[in-house]
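Visitor: kindly generate the corresponding structure for this input.
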Amino acid sequence: MLAATLTLIAIVATDQTALRAAPRDSAPAQAMLWQGDSLEVRGEKGDFLQVYDHRHERTGYLRASRVRQQPLTPDSAPELMAVLRFLKDMPGSESLGIAYADAYLRAAPAEAIDGEVFDALATLAERLAQRASSARSGKADEATAAHLEVAAAYGVIMTTLERDGQIRLCSDGEAARRVLALSAKENQKANAALMLTRHDCVKPTLTPAERYGLDEWRAAVLDRVKLPSLPAVLKNRLHLRKAGVWAGLAHQRARRTGPGNPEVLEAARRARDELAAVETGELMEGDAAAYNEAAIRVGASRWAELPAATAGTGKLDVQTRPGRPGETCVDLYRGGAAGGKPLASRCTYGIVWTSSASSHPKARALALAVQPLESWRELWVFREGDSGWTVDVIPPGMDSGDLGYVEYAGWVAGSDEMLVAREAKPEGRYQRSFEVVSLTTLEIRKHADKPANLGTFYRWQDPAWKTRTIALR
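Guide: Residues are numbered from 1 along each chain as shown. Coordinates of the predicted model:
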């Protein structure tokens, strides 16, 4: 960073600007500068400026046409802000915009500084992080890496996260926090809250206690934004983010207190209400993926809305008991036979939603929802075969992702088939499927993207499932 006492700086406006040892183009290059680099102006010689580069800690010369000289006086603050407003919406100029934000903060009087400059700074940092995360190779990578170094010189910190073998950069959110703390427009606060609560910027290495505390904080940050004065697009984005956060809290609270606790019910119902509040007619094309992702998160935790089952589900019944530390074991019994030897048992570290248990009309099978992760719910199928009872797990998808759910949707009368609905996001692509599954092999016999396109599914879907599911939104 430049010393606060400087009154004139030169901001590099063009990438790959050479800092030379003498005021001529043939002189050796001392360093390669990139847009956004700030230099201390020490003199002028012909078409060249004599400068000192604080980032590289060296002096040199460069062409005056490659930089913009900016005085750091209160009178220059409005001009600096005008340039910053322009650069805020210029993709590829993030490091240059960050330089102007820094210049404005040093030039403007303290009483004139509000949330606008930090809104611009947060937006630029967020966009630079997204550009760096999606960069591939060649010159784009070189320029992006250089822009990240320039941003770091101004104190813009990025954190690196790894998910499913992919690297993602996220801003540390300091500028967005300043927006919420200072006087700012409500839409600026809304954007700041969205930046601070991104799902993909949550560290996967957090302990359960740390994650719970973070999500409680994320929910509080989102609730601080006043919705009535916002445009419909921003309202939708906030509702989607809230839906995902509250769905995660429903799962986390269930892990802490057990299913059926009033706090669990509250979080699950809040998640569903936030998703229902989205005006789908006002959704932008770019928000479609966020809408589907929020729906999957809410769908994964939807059984948290109901109290834990305490009585039999019919001809078959499931009972839970503690297993090893952190485990829940599920025992299957004939209706009213709990306490004897179970027909089948299986243990899990996930949440067992006993209220989801649905037994086959002829007591040949039972379906049960089990949620090992906050955004991943599996379907356990207890089946009676020639060799006795078995327990099989149907996952939302075959990849190793962590975003999806699969659920029982009905029994097909007079056959060995079960109806299944699933939503998942394998490899970043959204998928929704309604299926007819064999109870004998658990193979998918038929599937369609809509129940109406699958006669068997449309005819035999469970009315209770149809009432509660998110898949038919």
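Visitor: could you list the domains of the chain?
Guide: Per automatic domain parsing, the domain ranges recorded for the chain read 8-71, 197-308, 309-468.
Visitor: quick one, helices of the stretch 251-400 of the chain?
Guide: Ranges of helices in the stretch 251-400 of the chain, per DSSP state H, counting those that start in this stretch, are 262-276, 288-300.
Visitor: any low-confidence regions in this protein?
Guide: 1-6, 136-140, 164, 310-314, 336-339, 400-401 (pLDDT under 70).
Visitor: centroid residue for it?
Guide: His199 (2.1 Å; CA atoms, centre = their mean).
Visitor: was I right to think it contacts Gly244?
Guide: Yes. Under the criterion of CB atoms under 8 Å, His199 lies in contact with Gly244, with a separation of 5.9 Å. Where C-beta positions appear, they are placed from N, C-alpha and C, glycine not excepted.
Visitor: hey, what's in contact with both of the two?
Guide: Between them, His199 and Gly244 share these contacting residues under CB atoms under 8 Å, 6 or more residues apart in numbering: Glu293.
Visitor: nearest to Ala145, of the helices of the stretch 251-400 of the chain?
Guide: The stretch from the helices of the stretch 251-400 of the chain with the least distance to Ala145 (CB to CB) is helix 288-300; that distance is 27.3 Å.
Visitor: and the closest one, what does it pack onto?
Guide: helix 232-257, helix 262-276, strand 376-385, strand 404-411, strand 417-424 (3 or more CB pairs under 8 Å, 6 or more residues apart in numbering; DSSP states H and E).
Visitor: rerun at 10 Å
Guide: Packed against helix 288-300 by the contact rule (3 or more CB pairs under 10 Å, 6 or more residues apart in numbering; DSSP states H and E) you find helix 232-257, helix 262-276, strand 365-373, strand 376-385, strand 404-411, strand 417-424, strand 431-438.
Visitor: most neighbours per residue, which of these?
Guide: Looking across those with neighbours counted as mean count of other CB atoms under 10 Å, the highest average goes to strand 404-411: a mean of 26.
Visitor: CA atoms of that one as PDB?
Guide: Once non-C-alpha atoms are left out, strand 404-411 reads as follows in PDB (Å, rounded to 0.1, in the frame of the first residue of the first chain):
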ATOM      1  CA  GLY A 404     -29.500 -34.200  -4.100                       C
ATOM      2  CA  TYR A 405     -32.300 -36.200  -2.600                       C
ATOM      3  CA  VAL A 406     -34.300 -39.300  -3.500                       C
ATOM      4  CA  GLU A 407     -37.700 -40.200  -2.000                       C
ATOM      5  CA  TYR A 408     -40.500 -42.700  -2.000                       C
ATOM      6  CA  ALA A 409     -43.500 -41.600  -4.000                       C
ATOM      7  CA  GLY A 410     -45.900 -44.500  -3.900                       C
ATOM      8  CA  TRP A 411     -46.400 -48.300  -4.300                       C
END
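Visitor: distance between that strand and the chain's centre?
Guide: Chain-centre distance of strand 404-411: 25 Å, with CA atoms, centre = their mean, to the nearest Å.
Visitor: coming back round to it: mind putting the helices of the stretch 251-400 of the chain in JSON lines, distance to Leu403 included?
Guide: JSON lines is the format used below for those (distance: least, CB to CB, whole Å):
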{"stretch": "helix 262-276", "distance to Leu403": "15"}
{"stretch": "helix 288-300", "distance to Leu403": "6"}
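Visitor: so which of the ones you listed comes closest to His147?
Guide: Ranking those by proximity to His147 (CB to CB) places helix 288-300 first, at 26.1 Å.
Visitor: what's the angle between the closest one and strand 417-424?
Guide: Relative orientation of helix 288-300 and strand 417-424, computed by axes from the mean of the first three to the mean of the last three CA atoms, to 10 degrees: 130 degrees.
Visitor: got the helices and strands packed on helix 288-300 as JSON lines, with distance to Phe118 columns?
Guide: Output for the helices and strands packed on helix 288-300, formatted as JSON lines (distance: least, CB to CB, whole Å):
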{"stretch": "helix 232-257", "distance to Phe118": "18"}
{"stretch": "helix 262-276", "distance to Phe118": "27"}
{"stretch": "strand 365-373", "distance to Phe118": "34"}
{"stretch": "strand 376-385", "distance to Phe118": "36"}
{"stretch": "strand 404-411", "distance to Phe118": "37"}
{"stretch": "strand 417-424", "distance to Phe118": "37"}
{"stretch": "strand 431-438", "distance to Phe118": "39"}
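Visitor: out of the ones you listed, which is closest to Arg218?
Guide: That would be helix 232-257 among the helices and strands packed on helix 288-300, by CB to CB, at 5.0 Å.
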